[in-house]
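**Q** generate a structure from the sequence data that follows.
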Amino acid sequence: IVWTATSFAHGFGLLISTRFFAGVGVGMCSTVVPTYINEVSPTALRGALGAVFQLACVVGIALCYLLGAYVLVVKNEDGDQLCQWRWLALTP
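**A** Modelled structure (predicted):
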C-alpha cells in the first residue's frame, strides 16, 4: 500500500512521508522475519534458512537495480536517459 502511494505521490511532502513509512515497514520486516525463521526452524536447518532469507533480499535488490538500469529507461526531449521510478516503485 505504501509503495502504491509512493508511486502516485505528486507532492514532496507526500513522497517523503510515504518513503518514511516504507522504511519503517522494511526495517521491521528485516528484523522480525529472520528472528521468526530462526525460532520456528529445526536446529539443523536454522543457518541455511537464515541464509536463504538473506539471499532472497540480495537477489531482490539486484533485480530492482537491473530493472532500473536497463528496462525502465526512457529518453526525454533533451536526450537524457531517465529511469521511470514510479513504475519501479510498483515492483514487488
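**Q** how close does Y36 get to R46?
**A** 12 Å (Cβ to Cβ, to the nearest Å). Backbone N, C-alpha and C define where each C-beta goes, glycine included.
**Q** please identify the buried residues of the host helix or strand of G13?
**A** Assigned by DSSP states H and E, G13 belongs to helix 12-40. Neighbour-count burial for helix 12-40, counted by 16 or more other Cβ atoms under 10 Å, picks out 18-19, 22.
**Q** ditto for stretch 51-67
**A** Buried, per 16+ other Cβ under 10 Å, within stretch 51-67: L67.
**Q** which other residues reach that stretch?
**A** The contact list for stretch 51-67, computed with Cβ atoms under 8 Å, 6 or more residues apart in numbering, reads 30, 33-34, 37, 88, 91.
**Q** pipe those residues into a markdown table and attach pLDDT and distance to L63 per row.
**A** Shown next, in a markdown table, are the contacts of stretch 51-67 (pLDDT from 0 to 100; distance: Cβ to Cβ, whole Å):
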| residue | pLDDT | distance to L63 |
| --- | --- | --- |
| S30 | 91 | 17 |
| V33 | 93 | 18 |
| P34 | 92 | 20 |
| I37 | 93 | 21 |
| L88 | 70 | 11 |
| T91 | 65 | 8 |
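**Q** now compare the residues you listed and name the two farthest from each other.
**A** I37 and L88 (27.8 Å; Cβ to Cβ).
**Q** any weak-confidence spans in the chain?
**A** 72, 82-83, 86, 89-92 (pLDDT under 70).
**Q** go again using 90 as the cut-off
**A** For the chain, the stretches with pLDDT under 90 are 1-16, 18-19, 22, 26, 60-61, 63-92.
**Q** so V74, which of the three states?
**A** Per DSSP: H, G, I helix; E, B strand; the rest coil, the secondary structure class of V74 is strand.
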